[in-house]
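Colleague: Any chance you could fold what I've pasted below:
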Amino acid sequence: MAKKTKPRRLSAGELEILQMLWKSGPVTISEAQHGLGRQIGYTTVQTRLNRLADKGVVTRTNRRPAKYQAAVGPDEVTSGYFKLLLERVSEGSIVPLVANLMKDRKLSAEEIASLRRLITESERGQSETS
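Modeller: As a prediction, the model looks like this:
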């Protein structure tokens with residue numbers, strides 16, 4: 001049985017910084033401040049980066065100026081949120097959640113193809129374990 005991990009609780013500001021780190025790679029506080037592409041205080045960026053480091057999702061070098069880098073990938077962060085959403089919104093069932101999402105917007109041909117691939121992979125996985 002897979003170990004159940006508790007999703008990391010990250011604020012919207014922390015997620016914004018993580019997304020910037022995933023795109024840009026290691027940055028100083030000043031580079032992070034500019035990389036966010038909007039007006040945000042230096043000390044606010046510093047606080048958020050240090051909180052992310054304390055949570056273990058960002059690493060910080062010991063040299064000066066310190067460079068910060070994402071220690072986790074997008075899948076590791078988002079999977080916890082998706083699992084939590086699935087449990088809270090549809091009692092663990094994927095179908096109502098996907099059906100509701102599909103009802104609210106038109107899927108592109110690429111999205112439909114991706115969903116078909118995922119279903120096919122899931123069916124293969126089930127037949128291998130049967």
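
Colleague: Please name every helix or strand in contact with the helix or strand that contains residue 16.
Modeller: Per DSSP states H and E, residue 16 falls inside helix 12-24. Judged by 3 or more Cβ pairs under 8 Å, 6 or more residues apart in numbering; DSSP states H and E, the packing partners of helix 12-24 are helix 29-35, helix 42-55, strand 58-60, strand 68-70, helix 74-90. The C-beta positions use only the backbone N, C-alpha and C, and glycine is treated the same way.

Colleague: what is the orientation angle of the next helix or strand after the last one with helix 74-90?
Modeller: Read that as helix 74-90. Later in the chain than helix 74-90, the nearest helix or strand by DSSP H and E is helix 94-104. Interaxial angle, helix 94-104 versus helix 74-90 (axes from the mean of the first three to the mean of the last three Cα atoms, to 10 degrees): 90 degrees.

Colleague: pLDDT averaged over helix 94-104 - what is it?
Modeller: The average of the pLDDT scores along helix 94-104 is 85.

Colleague: Walk me through the domains of this structure.
Modeller: Here the domain parsing of the chain from automatic domain parsing is 8-92, 94-130.

Colleague: and the ones you listed, which is most packed in?
Modeller: Counting by mean count of other Cβ atoms under 10 Å, domain 8-92 has the highest mean neighbour count of the domains of the chain, with a mean of 15.

Colleague: what sits up against the longest helix along the chain?
Modeller: Across the chain, the helix with the greatest residue count (assigned by DSSP state H) is helix 109-129. The contact list for helix 109-129, computed with Cβ atoms under 8 Å, 6 or more residues apart in numbering, reads residue 107.

Colleague: relative to helix 94-104, how tilted is that helix?
Modeller: Going by the same axes, to 10 degrees, helix 109-129 makes 170 degrees with helix 94-104.

Colleague: Quick one, grab the pLDDT at residue 2.
Modeller: As predicted, residue 2 sits at a pLDDT of 42.

Colleague: cool, and residue 7?
Modeller: Listed pLDDT for residue 7 reads 50.

Colleague: thinking again about what came up before, check the offset of the helix holding residue 16 from the chain's centre.
Modeller: Distance of helix 12-24 from the chain centroid (Cα atoms, centre = their mean, to the nearest Å) equals 9 Å.
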